[in-house]
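# With the input below, show me the fold.
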Amino acid sequence: MDSLIIFGYAVPAVIAAAAAFLIGRFQPGGDGRRLNSLILGEAVIYLGLSIWLAASGLPRFFMDNGYLMADTLGAYEAVITSALFLLASTYARGYVGSLLERGEIERSLLGLFYGAFALLPLVIVMGFLSNNLALLWIFAELSTLFSVVLVVTLKARENITAALKYVFVTSTAMLFAFVGIIILFALSREVVPGGTLNWTDLMDAAASIEPRMYTFAFVFLFIGFGAKAAIAPFHTWLPTVYVRAPSVVAVVSGAVLNLGLYAILRLLALGHRAGDEAFLNPFLVAFGTASLFLAALALISRTNTKKLIAFSGIEQSGLILLAFGLGSPAALFWALFHKAGNALVKALLFFSAGIFHRQYGSNKFFAIKDPFRLQPLAAWGLVIGSAAAIGAPLTPVFLAKFNILVAAATQALPLFVAVLAAFLLAAAGFGFYLIRAFTQGGDAGMERYDTPAAMRLPIAASLVLLVALGVWLPGWLGDALKVIIADLGFQG
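Got it, this is the predicted structure:
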């Protein structure tokens, strides 16, 4: 019976993708609204199914071989991904129409675009529901494939360059992860008859794995999944891709970063049980702190809105990785909480940036004129989203940053000072950008872009959810995060 849940995810995506390809092939002259309706239907099903799954009895195994499983962590990630998918699908109803009007995408490619858009959330969610490391690796690579298709469908040579860079950096790194998988499987054969790559079996046998050999495997795996999470120095693809990708694609592709961090957290839990914390925790703290500083420094000189958001994404990935490395239950709790808050912040920023690009025809700050007159909702979305990204009070990012800072201070005062300095640099970068962008001279002759309601609604929804999560931590969410920490073996 539980296997029907997997069909509940797979069937709507396959039907939507197949219909999109067929309609795009045989009726290429449409405006994409029928295709978008298919995607919206899929997104509603995904969110409803993910919420039901998270509220049901967990864990659930979907196959006799145990390759697919939903525990509290996987269900939590599926809910976040599905929520982003629904917001992006709604936004796409107006956004893609604008792309067509301005000739930025061919009508003949709409079927390909929406087909890949239907399949991308499927492979991401299946990655989160994978109980097998090799299967997770496959779904992570498929997420790259569908993301690339969504980027190259736009008519710009730079999009092809960005897609090639994405493939080269992440897929090369994932080859290292594949080597790590081979090493880990060889290690598992010494403690599990026949060997295994299933998370549940590995967790049961982790205490018998030789810690130094696990370290060897972990480093290879970290290179691959660290690139997926845009951890420095494997982050170079992210700014290029985010600048060229349509805003709807960037929002959903943000879940790919979560997939990389999800894999690292699972691997950290294995290392914790194997007794390898002496290496793994400082290792993750070092890479997390380096990512924070690199992104914070890069933010100061940004002139492109989407690059600003991209480097902020690298900063947030670094913060989450740092919290993983701290290893305390409190740090892990707020790192997991931050995944939800950060997803909403990035959605708000990308949706607002997308409207600005429709209005001004550029992502550069110097193109912005009279934003509060021409596009007040997007202007406030960018301002509030930026404030949330730097951790302003009454936002979920503030709660996460404050509590992770406290956890860092309890372990090492120099680390606390370094992380606080990175936060202040990032705040300065956002502030400098906003001051330059919102103090440009006005242009009374500029016509206002008539933003469709479908593009305004996700911004309003993101704002409401962001404020709600910043002032209220639901009891059920706190309980779920505590269950995740206990399941991973990090309880006090």
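# need the strands for the protein, in chain order.
Here the chain has its strands, by DSSP state E, at 60-61, 69-70.
# Rounded mean pLDDT for the first one, please.
In this model, strand 60-61 has an average pLDDT of 90.
# Which elements pack onto it?
strand 69-70 (3 or more C-beta pairs under 8 Å, 6 or more residues apart in numbering; DSSP states H and E). To be clear about C-beta, it is placed using only N, CA and C from the backbone, and glycine gets the same treatment.
# chain center to the strand it packs on, what's the gap?
Chain-centre distance of strand 69-70: 20 Å, with C-alpha atoms, centre = their mean, to the nearest Å.
# cool, stretch 433-442 as well?
With C-alpha atoms, centre = their mean, you get 29 Å for stretch 433-442.
# Show me the contact partners of it.
Under the criterion C-beta atoms under 8 Å, 6 or more residues apart in numbering, residues 299, 302-303, 305, 308, 365-366, 368-373, 379, 382-383, 386 lie in contact with stretch 433-442.
# Can you flag the buried ones in the residues you listed?
Among these, those classed as buried by 16 or more other C-beta atoms under 10 Å are 299, 302, 305, 308, 365, 368-371, 379, 382-383, 386.
# Show me the helices in the stretch 1-150 of the chain, by range?
For the stretch 1-150 of the chain, applying DSSP state H, counting those that start in this stretch gives helices covering 3-26, 33-55, 72-101, 110-128, 133-152.
# okay, now Glu101: neighbour count?
Residues near Glu101, counting by other C-beta atoms under 10 Å, number 10.
# Quick check: end-to-end length of stretch 148-158?
Taking C-alpha to C-alpha, to the nearest Å, stretch 148-158 runs 13 Å from one end to the other.
# brain fart, stretch 96-110
9 Å.
# can you list contacts of that stretch?
By C-beta under 8 Å, 6+ apart, the list of residues contacting stretch 96-110 from outside reads 20, 24, 28-33, 35-36, 113, 153-156, 246, 248, 358, 452.
# Quick one: buried ones out of the residues you listed?
Buried members of the contacts of stretch 96-110, scored by 16+ other C-beta under 10 Å, are Ala20, Gly24, Gly32, Leu35, Asn36, Phe113, Thr153, Leu154, Pro246, Val248, Arg358, Pro452.
# May I see those organised as TSV, with pLDDT and distance to Ser82 added?
Below are those laid out as TSV (pLDDT from 0 to 100; distance: C-beta to C-beta, whole Å):
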residue	pLDDT	distance to Ser82
Ala20	91	19
Gly24	81	24
Gly32	77	22
Leu35	89	19
Asn36	90	17
Phe113	92	20
Thr153	88	23
Leu154	84	25
Pro246	83	20
Val248	80	15
Arg358	92	26
Pro452	93	23
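# From those, pick the one nearest Ala400.
Using C-beta to C-beta, Val248 is the member of the buried ones among the contacts of stretch 96-110 that lies nearest Ala400, at 25.7 Å.
# List the contacts of the closest one.
The contact partners of Val248, by C-beta under 8 Å, 6+ apart, come to Ala88, Ser89, Tyr91, Ala92, Tyr95, Val96, Phe117, Gly354.
# what about the closest residue in space to Ala78 that isn't next to it in sequence, distance to Tyr76?
Closest residue to Ala78 apart from its sequence neighbours, by C-beta to C-beta, 6 or more residues apart in numbering: Ser50 at 4.3 Å. Distance of Ser50 to Tyr76, given as C-beta to C-beta, to the nearest Å: 9 Å.
# Compare those two (neighbour count), which wins?
Taking neighbours as other C-beta under 10 Å, Ser50 and Tyr76 compare with Ser50 leading, 28 against 24.
# So the more buried one is in contact with Ser82, correct?
Yes: judged on C-beta atoms under 8 Å, Ser50 makes contact with Ser82 at a distance of 4.3 Å.
# got a list of contacts for stretch 235-244?
With C-beta under 8 Å, 6+ apart as the test, stretch 235-244 has contacts from 147, 151, 154, 156, 158-159, 161-163, 165-166, 168-170, 227, 230, 250, 253, 291, 294-295, 304, 306-307, 309-311, 313-314, 317, 363.
# Counting neighbours, which bits of it end up buried?
Using 16+ other C-beta under 10 Å as the test for burial, stretch 235-244 gives His235, Thr236, Trp237, Leu238, Pro239, Thr240, Val241, Tyr242, Val243, Arg244.
# repeat for stretch 161-178
Residues of stretch 161-178 classed as buried: Ala162, Ala163, Lys165, Tyr166, Val167, Val169, Thr170, Ala173, Met174, Phe176, Ala177 (neighbour count, 16+ other C-beta under 10 Å).
# ditto for stretch 208-217
The neighbour-count check on stretch 208-217 (16+ other C-beta under 10 Å) flags Ile209, Pro211, Met213, Tyr214, Thr215, Ala217 as buried.
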